[in-house]
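can you look at this prediction? I've put the sequence above it.
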Amino acid sequence: MKFLNFSPEYGYSRKVNEKVDVYSFGVVLLELTTGREAHDGGDHGSLAEWAWWNIQEGNTIYNCLEKEIRETPYLDEIEVVFKLSLICTGTVPSTRPTMKDVVDVLVKYDVLNQKTSGNKKLDEYDVGPLLGKKDSDSCNSLVCNV
């Protein structure tokens, strides 16, 4: 049986909410940084459980990363994404960030990185144009413009 990248509380509550989405996004980030699949946690079950176990055992983030991306000039950025994935896959839903917070972390880190490296344009990864207000909705909800 394959593990899906649902949060642990989904198994007993069957309720889907934003915190389940954040957990799933964290699993996707783990898949990207480790090169493993969501169900590939070995003796630890899921990938999230494997990642948490490795960090709790004192293993470095570097050793958790996919071998092919360990030797890259972007190692700092990859480590930030890995740390963010751990925060997103926390076992207590109330400790997980919102998706807005996740995007804010990624965008702010990118802005800081651009200031120090100077080789990217600030608007290259701007997410603002992807979101816009619905004209017919008075409650100011957002809609994806893609």
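Received, thanks.

neighbours of Asp76, how many?
Asp76 has 12 neighbouring residues, counting by other Cβ atoms under 10 Å. Every residue, glycine included, has its C-beta placed from N, CA and C.

in the chain, what spans have low per-residue confidence?
1-16, 112-146 (pLDDT under 70).

tell me which stretches of it form strands.
Applying DSSP state E to the chain gives strands spanning 131-133, 142-144.

dump the residue contacts of Cys64.
Contacts for Cys64 (Cβ atoms under 8 Å, 6 or more residues apart in numbering) come out as 33-34, 51, 54-55, 82.

quick one: it from Thr34, how far?
With the distance defined as Cβ to Cβ, to the nearest Å, Cys64 ends up 6 Å from Thr34.

got any residues that touch both of those two?
In contact with both Cys64 and Thr34: 51, 82, using Cβ under 8 Å, 6+ apart.

quick revisit: put the buried members of the contacts of Cys64 into a PyMOL selection.
Only the buried entries of the contacts of Cys64 go into this PyMOL selection, using 16 or more other Cβ atoms under 10 Å:
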select buried, resi 33+34+51+54+82
